[in-house]
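K.L.:
coords please:
(one chain, ligands or ions: 1)
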Amino acid sequence: MKILVVNAGSSSLKYQLLDMTNEEVIAKGNCDRIGIGGHIVAKTGDGRKFEADCDFPTHTEAFEKLVEVLTSGETKVIDSMSEISAVGHRIVQGADIFDHSCLVTDEIIDQIDDLAELAPVHNHPHALALRACKKVIPEGTPQVVVFDTAFHQTMPPKAFMFGMPYECYEKFHVRKYGFHGTSHRFVASELARAMGKDVKDLKIVSCHLGNGSSITAIDGGKSVDTSMGFTPLDGVIMGTRSGAVDPSAVTFVAKKLGLSPSEMSDYLNKKSGFLGLTGSSDNRDVQSAANEGDEKALLADDMLNYEIQKYIGSYAAVMNGLDAVLFTGGIGENSWEVREGVCTGMDYFGIKIDKELNRSTRGKLVKISTPDSKTEVWVVPTNEELLIARDTLAIVNEGK
Ligand code: AMP
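P.N.:
Next comes the predicted model:
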């Protein structure tokens with residue numbers, strides 16, 4: 001069975017085609033510059049590659065090109081789209097309407113579009129992609145939607161409500177939703193498998209650290225709290241996002257700089273974080289500048305480690321225990337410096353890592369804690385596309 005996984009943004013369309021008999025990636029690529037030109041990079045699992053400038057006025061033309069590169073030319077991997085059993089789409093915001101993945105209907109596409117106010121950058125493009133995809137796949141090919149927020153729908157109200165007037169929740173749906181749920185769900189189950197335990201018996205703090213970062217408390221396989229909030233701006237310092245700040249600092253700076261609400265939102269989402277503090281949003285630049293003694297880079301690095309430590313401590317407190325901490329995402333999987341920085345001075349929480357092993361671990365599933373560490377510490381590579389494909393397959397099989 002072959003499953004196409006789609007991750008659509010406002011100007012991009014990333015895809016992977018997986019053969020679910022062995023969960024291998026047969027083809028993957030990205031159509032980007034949609035609406036402002038067009039470009040495609042297509043690769044096959046056996047190393048063939050095609051790259052070209054295109055004309056993508058809308059997502060529909062990008063999908064048409066995607067069909068072309070999958071079914072013809074040097075990157076051909078299938079004879080026709082009828083070989084694809086289903087399409088799974090990543091959706092950023094499902095709010096409190098969607099607490100699990102589901103089959104797509106026209107009504108569901110409209111509901112996803114209606115949530116655009118809560119996720120303006122993502123949900124409308126997702127809806128456009130769902131409608132465009134329907135045009136290029138054979139009639140009757142199921143589409144499934146997998147939500148970043150769904151995993152966090154198990155959070156109790158005390159974790160997801162803000163101390164604002166209740167009408168903000170009732171009228172405007174303002175609450176914590178949390179993001180990266182597909183990743184946190186995937187790595188938690190991978191970790192349980194690696195530990196030889198049932199995820200239902202584990203208290204885990206999952207640290208997904210990348211350009212966007214979120215920390216999640218997972219108790220018995222369920223998200224009970226998470227660091228991102230109403231939007232992905234909340235929580236720890238990120239590449240270009242500030243993370244949590246005192247809301248009064250936001251109104252104060254907006255007034256000082258004469259910024260409108262949407263300009264201030266851009267300031268916090270696109271010009272803050274590592275970028276705003278150090279001049280680069282990339283953790284590798286921050287690490288190398290810190291190694292050379294750059295004070296602002298050292299500060300940014302210290303802030304990230306400190307904030308993650310605070311989340312680990314508070315989540316161990318609310319779960320009343322901690323069996324394992326895991327690191328994932330571009331930074332979590334690759335930066336031994338961040339992992340060492342976070343795990344240093346955490347012996348009160350039973351965290352002790354093998355420094356040598358940690359330093360030599362990159363992008364692999366490895367336990368980096370010492371045998372006598374009360375809390376296990378793991379590096380667990382994430383694979384959101386694989387989880388989307390697995391959900392898609394399971395839902396299609398359920399309907400049979
Ligand atoms: P992601 O958003 O998950 O793709 O992660 C992107 C982040 O991972 C960027 O900040 C990169 O600098 C960081 N990253 C990737 N590789 C490394 C590495 N080898 N060492 C440190 N950070 C890395």
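
K.L.:
contacts, neighbours, all on C-alpha from now
P.N.:
Will do.

K.L.:
in stretch 169-189, what counts as buried?
P.N.:
174-189 (16 or more other Cα atoms under 10 Å).

K.L.:
from the chain's centre, how far out does that stretch sit?
P.N.:
11 Å (Cα atoms, centre = their mean, to the nearest Å).

K.L.:
Tell me if that stretch is near the ligand.
P.N.:
No: using Cα under 6 Å from any ligand atom, stretch 169-189 never reaches the ligand; the gap is at least 10.3 Å.

K.L.:
thinking again about what came up before, hmm, which two among the buried residues of stretch 169-189 are most spread apart?
P.N.:
Greatest spatial distance among the buried residues of stretch 169-189 (Cα to Cα): Val174 and Ser189, at 29.8 Å.

K.L.:
Met228 and the ligand, how far apart?
P.N.:
15 Å (Cα to the nearest ligand atom, to the nearest Å).

K.L.:
Can you verify that residue is assigned to a helix?
P.N.:
No: counting by DSSP: H, G, I helix; E, B strand; the rest coil, Met228 is located in no helix; its state is coil.

K.L.:
Please enumerate the helices of the stretch 1-150 of the chain.
P.N.:
59-71, 106-114, 123-136 (DSSP state H, counting those that start in this stretch).

K.L.:
other SSEs contacting the second one?
P.N.:
When you say that, I think you mean helix 106-114. helix 123-136 (3 or more Cα pairs under 8 Å, 6 or more residues apart in numbering; DSSP states H and E).

K.L.:
How about the last one?
P.N.:
Judged by 3+ Cα pairs under 8 Å, 6+ apart, the packing partners of helix 123-136 are strand 2-8, helix 59-71, strand 84-91, helix 106-114.

K.L.:
Run the angle between that helix and strand 2-8 for me.
P.N.:
On the basis of axes from the mean of the first three to the mean of the last three Cα atoms, to 10 degrees, helix 123-136 is oriented at 140 degrees to strand 2-8.

K.L.:
Could you list the low-pLDDT ranges of the stretch 301-400 of the chain?
P.N.:
Nowhere does the stretch 301-400 of the chain drop to pLDDT under 70.

K.L.:
Show me what from the protein comes close to the ligand.
P.N.:
Close to the ligand, as judged by Cα under 6 Å from any ligand atom, the chain has residues Gly210, Asn211, Gly212, Asp282, Asn283, Arg284, Gly329, Gly330, Ile331, Asn334, Ser335.

K.L.:
With Asn283 as the reference, measure out to the nearest residue to Gly212 once chain neighbours are set aside.
P.N.:
Excluding its sequence neighbours, the residue lying closest to Gly212 (Cα to Cα, 6 or more residues apart in numbering) is Met238, at 5.6 Å. Separation of Met238 from Asn283 (Cα to Cα, to the nearest Å): 9 Å.
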